[in-house]
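# Dropping a prediction and its sequence here:
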Amino acid sequence: MLSTVAVVLAAGKGTRMKSDLPKVLVHVAGRPMIEFVLDALAAGGVERTVVVVGYRGELVRQTLADRKGVTFVEQREQLGTGHAVMVCREALSGYDGAVLVVAGDSPLMQPSSIAAILKEFERTKPACLLGTATRSDPTGLGRIIRNSQGNFQGIVEERDATESQRRITEVNMSCYVFDGRQLFPALDRIGRHNAQGEYYLTDCPGVMLAAGQSVAALNVLQPCEALSINTVEELAIVERELLRLRNSESLQSAPAPADVPPRPSSLAPRP
């Protein structure tokens with residue numbers, strides 16, 4: 001497997017979570033949600049991780065201090081997801097392998113999905129590979145646009161989508177693998193000409209496509225991985241799903257019951 005560095009976006013505040021904690025430190029099933037993300041990355045084959053911190057970043061650093069292979073970069077200004085990756089430029093200086101970018105508030109991320117995305121990236125070697133999922137109800141999520149040959153053409157946010165595009169069920173999951181040599185030149189070409197005045201990482205694949213670089217989307221993520229946490233209500237939904245997955249894994253890993261010899265019948269003939 002090729003060398004991979006993961007960048008975990010973890011700078012936000014959990015304002016709608018009714019918590020003063022950084023969002024990624026809000027507990028799910030008894031643990032900070034970012035712990036589940038880091039576990040999945042390690043199990044999926046990632047050896048080095050850069051965590052981008054911002055709001056109360058010192059608390060995130062303290063919480064993850066014992067994690068091997070984890071370093072931190074501070075995003076002093078909150079200028080969007082693209083900017084969060086931009087501030088990793090120095091930390092990734094001289095590195096030209098794969099860069100996996102994921103959100104730190106995705107505790108349902110699965111190691112099998114990460115391994116599959118990295119394997120496909122190694123096989124095809126694009127400038128960017130997006131991990132996508134199919135949702136029966138894609139409301140609120142960016143839709144993946146493909147041409148008649150099935151090739152990736154772009155991401156359309158729901159507010160900008162046409163009626164037919166809103167019926168698309170393949171959605172963006174904010175999970176990307178970039179060629180480290182091409183990532184920062186592409187980030188340098190994205191702008192912040194939008195209502196929020198922010199740099200969007202979602203613009204990066206389009207910038208790469210426009211430059212003639214190879215961009216692909218792999219529909220490999222499980223529907224549960226599309227569950228996001230922005231409110232207390234969504235936290236409860238994710239927690240229930242996480243516990244369900246845990247129980248399912250426990251049942252699958254439980255040893256099969258030993259064969260029990262039949263009890264002798266009182267009506268059996270005597271020898």
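Sure, I can see it. None of the values given here were measured: they were computed from a predicted structure.

# Low-confidence stretches in this structure?
1-2, 250-271 (pLDDT under 70).

# what about the strands in it?
4-10, 27-28, 31-32, 48-53, 70-74, 98-103, 128-134, 143-146, 152-156, 170-179, 215-219 (DSSP state E).

# distance of the closest residue to residue 23 other than its chain neighbours from residue 199?
Leaving aside its chain neighbours, residue 23 sits nearest to residue 14 (3.7 Å; criterion: CB to CB, 6 or more residues apart in numbering). For glycine as for every other residue, the C-beta is placed from the backbone atoms N, C-alpha and C. When distance is defined by CB to CB, to the nearest Å, residue 14 is 22 Å away from residue 199.

# what does residue 40 give?
When residue 40 is compared with residue 199 (using CB to CB), they lie 26 Å apart.

# of these two, who's got more company?
Between residue 40 and residue 199, counting by other CB atoms under 10 Å, residue 40 is the more crowded of the two (23 against 20).

# got the contact list for the more buried one?
109-111, 114 (CB atoms under 8 Å, 6 or more residues apart in numbering).

# try residue 59
21-22, 25.

# Residue 64 too?
Residue 64 touches 34-35, 38, 51, 70, 72, counting by CB under 8 Å, 6+ apart.

# for residue 225, same thing?
Contacts of residue 225 by CB under 8 Å, 6+ apart are 106, 108-110, 113, 133, 173.

# The residue nearest to residue 23 against residue 27, yeah?
No: assessed by CB atoms under 8 Å, residue 14 is found out of contact with residue 27, at 10.8 Å.

# ok, those two, which is more surrounded?
residue 14 (22 against 14).

# Contacts only, for that one.
21-23, 25-26 are the contacts of residue 14 under CB under 8 Å, 6+ apart.
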